[in-house]
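Asks: Mind looking at a prediction? Sequence and model below.
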Amino acid sequence: MKDGFWYKFSLRAVPFIFVWLIRLWFGTCRLTIHGQEHMDRIKAAGIPAIGSFWHYGVLYILYFFRGESGVAMVSASRDGEYISRIVERLGNQTVRGSRKKGGMQAIIKLIRAVRAGHNAILVADGSQGPARVVQAGSLMLASHTGVPVLPMAWSCSSYKRFGSWDGTALPHPFSKIDFFYGDPLQVPPDLKDHELEEYRLELEKRLNTLYSQAWALQGRKEH
């Protein structure tokens, strides 16, 4: 039963244990950041950013952005409650919604958060895919706030790939991680339908280019 004792207990215990473990786990990895100048330029301008990335990298990116005054969009599903609590334990905030449930309300909350100066963290291909196909959420957010979309990707020398739709990747302890920031994408206000598709394809191209650059460092075409 959703609101039974074990569910409530797991909502407290699982995020606590998970965050404790990943702090130890990822703390052993060697990190190299590429394209830091893109993030530095945004910070120097005194504005927030909309971090955009493919779903395969969500486990490490949530850890990477711990404590960065970010607001992440998390699925409104039952499992999403665990993710939401993990994000919050890592020092960021969440809004709940997806393409099929509560997505528009979540975008409105994100608009308010970004206008208040918070960074946004959005999975570009959503919570259900298809993988590496950009959905409109980050572009709508950028159009309404005037904040740039910052493409991101990472690769690592050794990792576990899960059999999910996105091939979620988990870096192995003591692996080498290469994290990439891409060139920010500025989206015009009052985006029209035909413009939305143009910018959607542009963001998709930038994310896939960054993805290819990242994994080429590991001698791979993809993860």
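Replies: Sure thing, it's come through. Numbers count the residues shown, from 1 in each chain.
Asks: what's the neighbour count on residue 193?
Replies: Residues near residue 193, counting by other Cβ atoms under 10 Å, number 7. In this view, the C-beta of every residue, glycine as well, is placed from N, C-alpha and C.
Asks: no wait, residue 158
Replies: Neighbours of residue 158 (other Cβ under 10 Å): 13.
Asks: how about it, what does it touch?
Replies: 171-172, 175 (Cβ atoms under 8 Å, 6 or more residues apart in numbering).
Asks: repeat for residue 59
Replies: 22, 168-170.
Asks: on that earlier part again, considering the contacts of residue 158, which possesses the most neighbours?
Replies: Counting by other Cβ under 10 Å, top hit in these: residue 171 with 25 neighbours.
Asks: so how far is residue 218 from it?
Replies: 11 Å (Cβ to Cβ, to the nearest Å).
Asks: Need the overlap of contacts for the two.
Replies: Contact criterion Cβ under 8 Å, 6+ apart; residues shared by residue 171 and residue 218: residue 156.
Asks: Let me know the average pLDDT across stretch 85-100.
Replies: Averaged over stretch 85-100, pLDDT sits at 85.
Asks: can you pull the buried residues of it?
Replies: 85-87, 90, 92, 94-98 (16 or more other Cβ atoms under 10 Å).
Asks: ok, and what's touching that stretch?
Replies: Here stretch 85-100 has contacts from 11, 14-16, 18-19, 62-63, 65-77, 80, 83-84, 102-107, 109-110, 113, 118, 121, 126-128, 135, 137, using Cβ under 8 Å, 6+ apart.
Asks: Restricting to C-alpha, output that stretch in CSV.
Replies: What follows is stretch 85-100, C-alpha atoms only, in CSV (Å, rounded to 0.1, in the frame of the first residue of the first chain):
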residue,chain,number,x,y,z
ARG,A,85,14.2,13.3,-1.9
ILE,A,86,17.7,12.4,-3.1
VAL,A,87,18.0,15.7,-5.0
GLU,A,88,16.9,17.6,-1.9
ARG,A,89,19.4,15.7,0.2
LEU,A,90,22.1,16.8,-2.2
GLY,A,91,21.2,20.4,-1.6
ASN,A,92,18.9,21.3,-4.5
GLN,A,93,15.2,21.7,-4.9
THR,A,94,12.6,19.9,-7.1
VAL,A,95,9.4,20.4,-8.9
ARG,A,96,7.3,17.4,-9.9
GLY,A,97,6.0,16.7,-13.3
SER,A,98,6.5,14.9,-16.6
ARG,A,99,5.3,15.1,-20.2
LYS,A,100,2.2,12.9,-19.3
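Asks: and the closest residue to residue 155 other than its chain neighbours, how many neighbours?
Replies: Distance criterion Cβ to Cβ, 6 or more residues apart in numbering; nearest residue to residue 155, sequence neighbours excluded, is residue 214 at 3.9 Å. A count of nearby residues for residue 214, using other Cβ under 10 Å, gives 24.
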